[in-house]
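*Asks:* Give me coordinates for this.
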Amino acid sequence: QDNFIQTVQNFDRHHQSIQIGFTLPGPRLVLKTEVIKNATLLPGLLKTSDIIQQLFNRKTTLILSDQELHSDQVESLYLADEYLYVNLDSMTTTADKSEISFNNLAGQSFLVLSDIGVWQEIIEKHIPRAKFLYQQNDDSFEEINRYANFPVFTTNLTNKLRSEEIDNFDRRIALKITDEVATVPIYANYLIEDKQRLAPLLSTIR
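*Replies:* The predicted model follows:
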């Protein structure tokens, strides 16, 4: 009975507003700066393994992730690629350098937000002997980032947002990471029955 009530409530909310979920932080940060009518951005990040269930039980209408899914009920639309950057102190980085590899970052310590989805597995797996100073709180991360010179990660999406917030404390240079795994596709995942309803929103996001 409780499950039935929850399903009915989800179904009603599903048709009144668009619930947008994410498995990647970049797309969520970008959409937070936009005014999207009749849409709600869900807090936090979803697990990749939960995408199908979130769509089927109507908890989420649209999920932006790095996964391409196709079935009789679910469809994915490619939106763009997200590229990982590392921001290094300009005093220790060659000025004419614009790219770097994971191997060149070996042994360094990085300041990282805890909730970064698939990027966490990528950096931990591919940067040899690295240390990651994870921060759960955004304010704590920004405070340390402002006064310390630890390398930090951004992407082509978040770089655009940060360019509007750069201050005198930011003495870092953003270098694109050249490894193939440092680029992930962004897909919009949704139920096929919602495709027509979501078409205007997907066009705006693209």
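*Asks:* helix or strand for residue 161, which one?
*Replies:* Counting by DSSP states H and E, the element that carries residue 161 is helix 156-162.
*Asks:* Any buried residues in the lengthiest strand in the chain, and which?
*Replies:* What stands out as the longest strand in the chain, according to DSSP state E, is strand 74-89. Residues 74-77, 82-88 are the ones in strand 74-89 that count as buried (16 or more other CB atoms under 10 Å). Any C-beta I mention is one placed from the backbone N, CA and C, and that applies to glycine too.
*Asks:* Between those, which sits nearest residue 48?
*Replies:* Distance to residue 48 across the buried residues of strand 74-89 (CB to CB) is lowest for residue 76, with 12.6 Å.
*Asks:* wait, isn't residue 51 in contact with residue 66?
*Replies:* No - the criterion here is CB atoms under 8 Å, and residue 51 misses it with residue 66 at 10.5 Å.
*Asks:* Give me the common contacts of the two.
*Replies:* Here residue 51 and residue 66 have residue 23 as joint contacts, going by CB atoms under 8 Å, 6 or more residues apart in numbering.
*Asks:* So for the two, which residue has more residues nearby?
*Replies:* More crowded of residue 51 and residue 66, by other CB atoms under 10 Å: residue 51, with 21 against 16.
*Asks:* what about this protein, any weak spots by pLDDT?
*Replies:* 5-16, 92-96, 162-170 (pLDDT under 70).
*Asks:* Start from the N-terminal end of the protein and give the helices.
*Replies:* 2-16, 25-32, 51-56, 118-126, 138-147, 156-162, 195-205 (DSSP state H).
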